[in-house]
Structure formats: structure tokens, C-alpha cells
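give me a model of this one.
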Amino acid sequence: MQFRWRAQFIAILLFEALLSFNCGQSSSPDSPTLPPPDVSVSISPTTSAVATGQSLQLSASVIGASQTAVTWSIISPASNAGTISSTGLYTAPATALATPVTIRATSVANTSKSATATVWVIAPGQVSPTINVLVAQYTMSLPDGAKMKVEFGPDTSYGLSTWQESPPSGGGTVNMLVAGMRASTTYHMRAVVDLPDGAVFQDVDHTFQTGTLPATRVPQITVTTSGTLQPNPGVEKLTLNNLATQFSSNNPLQAIVTDLQGNVIWYYDVDPTGTANLSPLPYRFLPNGHVLVNAVVVGIAGDGIGGDLREIDLVGNIIREMNADELNRRLAAAGYNLTISAIHHDFCLLPNGHVILLINHWKDFTDLVGYTGTVSVLGDALIDLDQNWNPVWVWDTFDHLDVNRHPKGLPDWTHGNAIIYSPYDGNLLYSSRHQSWVIKIDYEEGKGSGDVLWKFGYQGDFTLDSGAPAAWMYGQHDIRFLSPNSTGIFTLGLFDNGYTRVLDDNGDLCGTTGQPACYSRVPFFQVDEAGRTAHVLWEDSPLDYSEAVGSMDLLPNGDVEFDEGFLRANPFNSRVMEVTKEPTPQPVWELDVTGQIGYRIRRIPSLYPGVQW
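Numbers count the residues shown, from 1 in each chain. As a prediction, the model looks like this:
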């Protein structure tokens, strides 16, 4: 009995010893394994861009585990994607890629958790000169969906910018024309690229040296400021004329843009030799970044001969063109019985891409009041060109106005000089200098009858509430809508040259014997279409007499700018003024041109659509 008890006791001790020994060892293979920690991984930056051959440091963050290490790898493309180091330093390949490189950071603590980032590889741009000594070409190869602009200026703070352009569908080359630089100056420039996923690439800095303009080709310009008032920002677009130096070696540029200090920063050489007597009449910057120019032979009478409509780029390369002969062929092919003499004075750009041309042509009459025999009369017509420059609508003064009303004499009967579009009703306003009328035409987006809806001016359809007849406009230029609306009750501005101004109800004219001298002015008319009444809201008057040409505009800062383009004291000088719109206007900024007529001069935001300098 005693022996059996002792044997049991020894067995128990041995079992407890065995248990104690096992507790100090690792668990058996059949024991459950602890799960990996639930972590989150992120990469910074998530989207980025780098130049070919350059490096970019990426960083990864792991949250949820004490072990924060990651492994780096390139997912796509499968080849030629560059390299990624164990520390996240990405080195781009030597050639650009059409798609971004995708890079993954994987958690060491939990290999099922990772994050990805994309890196675009962009080749640096190249800058080269063009045939226009003030314009550079900045070339880059970009992926589909990218948008590129170029910042430029005299130092690396840049300060100016182009608009954005995109490569062709599928990606490719962008050739940005960089314009807005002074002659004989070193500029810095760099491209800034917005990539499709939001990444931004800044190219390296490039330098570009602009060329020199011959001294005889640079217009003589002087700028004066008030010293206290700041002019409205932007640049000055000058449409000049060289009537004073026709067919001479002194052939200053006529289509130019200057900065507000009077330095030429862009030009189009419409008459390189000076022997063709061509003038830009007029030119305008287009929504597509190009420029539309009408190059016409201008005589002293200003009626014009021929005309060559050109769409050019900022260098001056012709994209497409159509001269008067080609326009006549297209008119005949479209069934219009109209042979033009000249495309002249103005064109109007419509929102749908159409262009309304102002042309003139001749017609013979034998029954005109005050004339005997056959008289050839020069009148105007408007031609609506579609996007392909084919005529689709025509309006002719001979069909809608009385040829026996010729207050300025014949043969130059109407002498139109401006067309504007009324967006509220789709109609057109046409300015006739020799009728001293602004005429509203039933256009209705090209579906209208062409009927004259009203005639605004002396002996027209409206009553002026005070100051008539002298307060009407005479020989006016450059009509402008100055209110948000263009129908009903609206504000109409223009440059009132004062040419043969009627002073009183007796019909006395300014500048004639015993009468006051002629003067010019800039009036704002409030026009009530329904009531057929008008009121002068504001005016700057009297101004020095500018017998012909001229322009005006209400600037965004509330100032008024106008161009006295043919000063009687010196007809081949022109003056531009920016003044405050106060009862007594104060001068803010002045630009004077010596030896050239200022046909149309006005402030524009920049050389690029939608960009303010």
C-alpha cells in the first residue's frame, strides 16, 4: 500500500515537471498565428512631374504599425520607366513618356497594404527665334490632355504669361508663340504645364534675345502720364496709316502693339517694302489666338481699293487669305449680283464664327438731285461670311437708303466705317460717316430681311432731348455698346469727329464764314428704341478737331479712352487720351504719334485671349 502511494506521488511530480518544461518552449505548429497589423499606406506627392533624366524624392507614410518601412516598385510602364531606389528616389528615363509612371509603396508590416503615385516624365522645352524679331517659339512634346502656357519677363520673376494651348488629340508637339517682348532685350521664359491628373510641371528657365527693329520702321511715339492717376492695365493696339509718307523709304510699321510706356512689343508688317501702299484697315485679335487683318490700298479719300483679308498667327505667317477678286468669285458662285470695289474700314466678328465684311461698290445714276448726266456713286454693302469665308447674306445701302440724301456730296455717298453686333436681338449697327447716321439693320443672325429698323443721328428717327442739332454726331467713327444690354434702353458710345457739324436750325455749319470752329467730342448717348428718344449721358467736349478717323472705349476701370487720329493742326499726327469719366474729365494717360494717322487705337488686355497683363 505504501509502495503504491509513493509510485503515484512520483508520477504526479514527473507530470508537473513535464508541464513546466513545455511552458518554457515555443508553441506547437498547430497553435493559431497572429494576423498582420491593419495599416494604411500613403505616398507624397500622389501626382507629380519631372524632367527627363532628373530625379524626384517620394515619401511614404505607414499608419497602424510600429514597423513603418515600405518597399518601392514601378508598376507601369513595363519598360523604359526609369528607376526607383529603396528610399523612394525616382530617377526618370532619358526620354519622355506618353503616359505617367505608376509607382507603388508596399508596407513591410502588411504586404497586402500599399499605395500608388503617378509621375509624368516630360522633356524640357526648346526656344527658337522666328521671322518676327519680337516673337519666340517655345516647343514641347506633351501627353494627351495636357495644357501649356509660357511665363516670360526680363528676369526669373517673369510677370507675363501666354494663354494655354494643348497638344493634338493623342498627345504631341505644342508650338507656343511667345509675343509681347520689347526689341533688343534679353527675356527669361519657362513653360508651365497642367497635366491631366492635376500634376503641374515647370520647365527649366530659358533665355531669349529679341531682335532689333530698324529705326525708320519704329513709329515715333511719346507717352505722358498724370503722375498720380493709374491707367487701366493692358497694352495698346495701334492701327496706323502712312498717308504722310506714301511710297517713300520712310515706312514705319502700321499694325503694332505697345506697352503703356510706348515701347513696341508686337507688330505685323503689312507693307514690308512701303511700295504697295497697303494699310491694315483694320486688324483684330481672334478667339483662336490668331489675328485677322484687312490689308487695303488707302487713298487720300479713304475709300480704299481692293482689300486682302488675312488670318495670320502671331509671327505673321498667313493661315488663310482671300482678296477682293476671290470674294467677287465667291459672290457670283453664291448667286449674288454684286461686284465689290474694296473691302474697307471694318469687319465684325460674330459669336458663331462668321465675319461681317464692310465693302463698297459703284452704281450709276442719271436722276440725282443737284447733279446732271450720269453720276457714278460709291455706296456700301455688308457681306456675311460663314466659317469658310463663303458669303451667306448680303445687305446693300443702294437697296435700303435714299441716294438723294448726300449731305457730304458725291461720289462717296455713305462712307461706312464701323459695324457692331447686337447680342440681345442678333441685329447689326452700321456707322455711315457721310450720312452722320448709325443705322440698325434687321439681320436676325443671318435670317433677317435687311430692313432699316432705325436711323440714329441728325435728321434720323430719334429726338435728342437737348442741344440739338449741334449735340448730334457728325462724321462719327467707332460705335460701341457701353451698357450690358444692346436693345431697349441702352448706352451707345462713339467718336464724334464733328465733320460738317450742323450748329443750328438754319443749317449753319462749323468752320464756315462767321461760324465757330469745328471741334470733336466723345459722347455717351442713352438710346430709347421704343420711345425714339436720346439723351447725352456724358461727354468729353470740346476736343481738338480731328476731322477723320478715331476711336473710343469705356475701360474696365471706368476711365474713357479715345483716339484723335487726324488732328487738324497737324493732320498726320494722332493723339490717344485716357481720361476719368467725371463731369470734368481729368487726364490719366496720353500717347502721341508723330507722322502717322491713328485710324483705330485702343487698350486691350494682352495679345492672348482671356489673359490680362
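
partners of the residue nearest to Leu349 when sequence neighbours are not counted in the sheet?
Counting by C-beta to C-beta, 6 or more residues apart in numbering, Leu349 lies nearest to Val355, which is 6.1 Å off, once chain neighbours are set aside. Every residue, glycine included, has its C-beta placed from N, CA and C. Bridge pairing for Val355 (DSSP bridges) gives the partners Leu349, Leu385.

so where's the stretch 101-250 of the chain uncertain?
245-249 (pLDDT under 70).

ok, now with 80
244-250 (pLDDT under 80).

ditto for the chain
1-34, 244-250, 298-304.

do you have the helices of it handy? List them.
Assigned by DSSP state H, the helices in the chain fall at 2-23, 324-333, 397-400.

still on that earlier bit, for the residue nearest to Leu349, list the residues it contacts.
By C-beta atoms under 8 Å, 6 or more residues apart in numbering, the contact set of Val355 is 292, 309, 347-349, 384-385, 389.

closest to Val204 out of those?
Leu292 (35.4 Å; C-beta to C-beta).

quick check: beta-bridge partners of that closest one?
Arg284, Glu311.

one more: the one 5 residues further on?
With DSSP bridges as the criterion, the beta-bridge partners of Val297 are Leu278, Ile305.

isn't it up against Leu278?
Yes. With contact defined as C-beta atoms under 8 Å, Val297 reaches Leu278; the gap is 6.2 Å.

which one's more surrounded, the two?
Leu278 (23 against 17; other C-beta atoms under 10 Å).

before we move on, back to that, tell me how far the residue nearest to Leu349 lies from Ile604.
Relative to Ile604, Val355 is positioned 19 Å away (C-beta to C-beta, to the nearest Å).

per-domain residue ranges of this protein.
Taking automatic domain parsing as the criterion, the chain consists of the domains 40-122, 126-209, 215-604.

start to end distance for the first one?
The first and final residues of domain 40-122 sit 31 Å from each other (C-alpha to C-alpha, to the nearest Å).

and for stretch 496-505?
19 Å.

what does stretch 309-322 give?
5 Å.

which of the residues in that stretch are buried?
For stretch 309-322, burial by neighbour count (16 or more other C-beta atoms under 10 Å) applies to 309-314, 316, 322.

do stretch 284-301 as well
284-285, 289-298.

could I get the domains of the chain as CSV with distance to Val611?
What follows is the domains of the chain, written out as CSV (distance: least, C-beta to C-beta, whole Å):
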stretch, distance to Val611
domain 40-122, 23
domain 126-209, 5
domain 215-604, 10
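
quick check: the gap between Trp163 and Ala94.
31 Å.

between those two, which has more neighbouring residues?
Neighbours were counted for Trp163 and for Ala94 using other C-beta under 10 Å; Trp163 has more, 16 against 10.

from what I can see that one touches Gly289, true?
Yes. Applying C-beta under 8 Å as the test, Trp163 and Gly289 come out as touching, 6.6 Å apart.

mind listing the residues bridging to Ile597?
Asn241.

how close does it get to Ser79?
65 Å.

the two: which has the busier surroundings?
Ile597 (27 against 7).

wait, the more buried one sits on Leu567?
No. Assessed by C-beta under 8 Å, Ile597 is found out of contact with Leu567, at 9.5 Å.

which residues does Gln126 contact?
138-140.

filter these down to the buried ones, ChimeraX style.
Buried members of those, defined by 16+ other C-beta under 10 Å, are picked up in ChimeraX with:
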select :138,140
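
wait, which of the domains of the chain is closest to Leu34?
domain 40-122 (12.1 Å).

how far does the closest one sit from its chain's centre?
Taking C-alpha atoms, centre = their mean, to the nearest Å, one finds domain 40-122 lying 41 Å from the centre of the chain it belongs to.

go on, stretch 480-491?
The answer for stretch 480-491 is 23 Å, by C-alpha atoms, centre = their mean.

change the start of the numbering to 22 and stick with it
In the new count, where the first residue is 22, that last one comes out as stretch 501-512.

could you list the buried residues of that stretch?
Buried-residue list, stretch 501-512, by 16+ other C-beta under 10 Å: 501-504, 507-508, 511-512.

can you give me the end-to-end span of it?
9 Å.

which outside residues touch it?
441, 443-446, 513-515, 545-551, 558, 573-575.

for Phe222, what are its contacts?
70-72, 141, 143, 212-214, 216.

and with 6 Å instead?
For Phe222, the contacting residues are 70, 143, 214, by C-beta atoms under 6 Å, 6 or more residues apart in numbering.

ditto for Leu302
Contacts of Leu302 by C-beta under 6 Å, 6+ apart are 315, 317, 366.
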